[in-house]
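Colleague: Task: produce atomic coordinates for the following.
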Amino acid sequence: MILSIESSCDDSAIAVTEIATNRLVFHKKISQEIEHSVYGGVVPELAARLHAEALPKILEQCEPYFKELKAVAVTASPGLAVTLIEGVTLAKAVSIALDIPLIAVNHLIGHIYSLFIEKETLFPLTVLLVSGGHTQVMEVKSLSEITTVAKSMDDSFGESFDKVAKMMRLGYPGGPAIEKLAKEGDRKRYNFTVPLLRTPQLAFSYSGLKNAVRLAVEKSEPQDYKDIAASFEHIASKHLIHKLKKYFQTNPPKNFAIVGGASANLYLRGEIQELLKPYGAKLLLSELQYCSDNAAMIGRVAVDMYKKNMFTSMEEVQVAPRVKM
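Modeller: Here you go, the predicted structure:
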């Protein structure tokens, strides 16, 4: 079995995955949403302290599996440097104590593999990653052959939801709050402009839309927020659909997937399903419980890396902060 650790942001998670069957034997995640909600977003130093408390407690529950562990995997990049360090430090300690190899996992590849928890992989695959830190389209041929074909120029899809929620004082995390409020609103009341609509550039941008929403919020009353939320969600998703449609003109999809924390948005899922119908493409989705950061997806990547002997030395495990990709 492989023990995997995830601490890239504000979720402390550990999982145990069986190598031969991909079976998820153990998985526990402790969320920090309540602690960060009062600040309207993640406070890195607070998140690191909470990881330092939570991860060892979860690890204790994994002790019955220690004798069967063949490796320990950990998210090493990208993410918040101060929180990644907590997971990496614990993984190194486990590696030394149990004399098992270390596997450093890229968090973004983890999101791709969230599709394959307790399943076999399915490649090639066109992937839309939408999360609090990233918005990008990738062509995935295999574990080691991943090409980014489009990415955000500024804010990510998920980040824009969090910031709009903060404008309306809806709390953190913002994505679920906006989605819930939008269900009650009129999606056509606010005619926000679709970003990059007139440019052939294959990229994403949410800073302009976010600013337009800010101006609308400043001129509105709280009773209008449901319509603003609905209109924002509609245009934010329409932006993704517009650029995907442009990409599909020369690269029609066969297998398409949405991954990342914001992929849990049911409105976006519905829009993507409609987009794919003319192509007859298969849509792959992670279970809702595995859309956000979790150790199960890290463990699933690690199973394939273990089989390919993709181990990492102590010195090679370098924590890499979250960057715009």
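Colleague: In terms of helices and strands, where is residue 109?
Modeller: helix 107-113 (DSSP states H and E).
Colleague: which other residues reach the helix or strand that that helix is followed by?
Modeller: Following helix 107-113 in sequence order, the next helix or strand is strand 125-130 (DSSP H and E). Here strand 125-130 makes contact (CB atoms under 8 Å, 6 or more residues apart in numbering) with 108, 111-112, 115, 135-140, 156-158, 240, 244, 251, 253-263, 265, 268, 272, 284. C-beta coordinates here come from the backbone N, C-alpha and C atoms, glycine included.
Colleague: Show only the entries of these found in strands.
Modeller: Within these, residues falling in strands by DSSP state E are 135, 136, 137, 138, 139, 140, 255, 256, 257, 258, 259, 284.
Colleague: Closest one of the residues you listed to residue 162?
Modeller: For the ones in strands among the contacts of strand 125-130, the minimum distance to residue 162 (CB to CB) is 12.9 Å, reached by residue 135.
Colleague: Would you check how far apart that closest one and residue 262 are?
Modeller: According to CB to CB, to the nearest Å, residue 135 stands 8 Å off from residue 262.
Colleague: shared neighbours, these two?
Modeller: Common neighbours of residue 135 and residue 262 (CB under 8 Å, 6+ apart) are 156, 157, 158.
Colleague: so who does the last one touch?
Modeller: This points to residue 158. Residue 158 neighbours (CB under 8 Å, 6+ apart): 130, 131, 132, 133, 135, 175, 260, 261, 262.
Colleague: Could you give the bridge partners of the fifth one?
Modeller: Taking DSSP bridges, one finds residue 130 as the beta-bridge partners of residue 135.
Colleague: give me the number of residues near it?
Modeller: 32 (other CB atoms under 10 Å).
Colleague: List the contacts of it.
Modeller: Contacts for residue 135 (CB under 8 Å, 6+ apart) come out as 129, 151, 152, 156, 157, 158, 204, 206, 240.
Colleague: May I see the PyMOL selection of the buried members of the residues you listed?
Modeller: Buried members of the contacts of residue 135, defined by 16 or more other CB atoms under 10 Å, are picked up in PyMOL with:
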select buried, resi 129+151+152+156+157+158+204+206+240
